[in-house]
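Asks: sequence-free structure coming up:
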């Protein structure tokens, strides 16, 4: 008699709960702090673009964990960076998986979001219809 296995609906999905390198995030924060976001595609080496493309679709739990190490101001710089990265860097499209969503939720948990100025900036600088709140089905 054959035994039946268990079906896991997530078995074909890659595990995206990983450690995020804080050093690269600090570089991204620095680009935003220096006011050079418009030149994002010129400031990053092609290797940095290629090696960090996966950050755009990392699981929300990883973003929640990593955001604990950053101040509200630093999170806002990351939000600005990833908003423009999705627009300007090839292969950085994220849709409803964007780190902008998870970083905004981290700010919200701290009582620092919604911020109308930041929301307006995100909407003016992104074509991603899910920003900044995410997919309504994820709430």
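Replies: Yep, it's here. The structure displayed is predicted, hence computed values, not measured ones.
Asks: any idea how far residue 90 is from residue 83?
Replies: To residue 83, residue 90 is 16 Å away according to C-beta to C-beta, to the nearest Å. Just so you know, the C-beta spots here come from the backbone N, C-alpha and C atoms, and that holds for glycine as well.
Asks: which of these two has more neighbours?
Replies: residue 83 (26 against 10; other C-beta atoms under 10 Å).
Asks: which residues does that one contact?
Replies: Taking C-beta atoms under 8 Å, 6 or more residues apart in numbering, we find residue 83 in contact with 100, 121, 122, 125, 126, 128, 131.
Asks: not counting sequence-adjacent ones, nearest residue to the most centrally placed residue in the chain?
Replies: Geometric centre of the chain, nearest residue: residue 99, 1.6 Å, by C-alpha atoms, centre = their mean. Sequence neighbours aside, residue 82 is the residue nearest to residue 99 in space, at 4.9 Å (criterion: C-beta to C-beta, 6 or more residues apart in numbering).
Asks: show me where this protein has its helices.
Replies: 22-33, 40-43, 46-52, 60-67, 72-88, 99-109, 116-125 (DSSP state H).
Asks: right, so of the ones you listed, which gets closest to residue 135?
Replies: helix 99-109 (8.2 Å; C-beta to C-beta).
Asks: tell me the angle that closest one makes with helix 116-125.
Replies: Orientation note: helix 99-109 sits at an angle of 170 degrees relative to helix 116-125 (axes from the mean of the first three to the mean of the last three C-alpha atoms, to 10 degrees).
Asks: so residue 44 makes contact with residue 90?
Replies: No - using C-beta atoms under 8 Å, residue 44 is not in contact with residue 90; the gap is 11.5 Å.
Asks: where does pLDDT dip in the protein?
Replies: For the chain, the stretches flagged by pLDDT under 70 are 1-18, 137-139.
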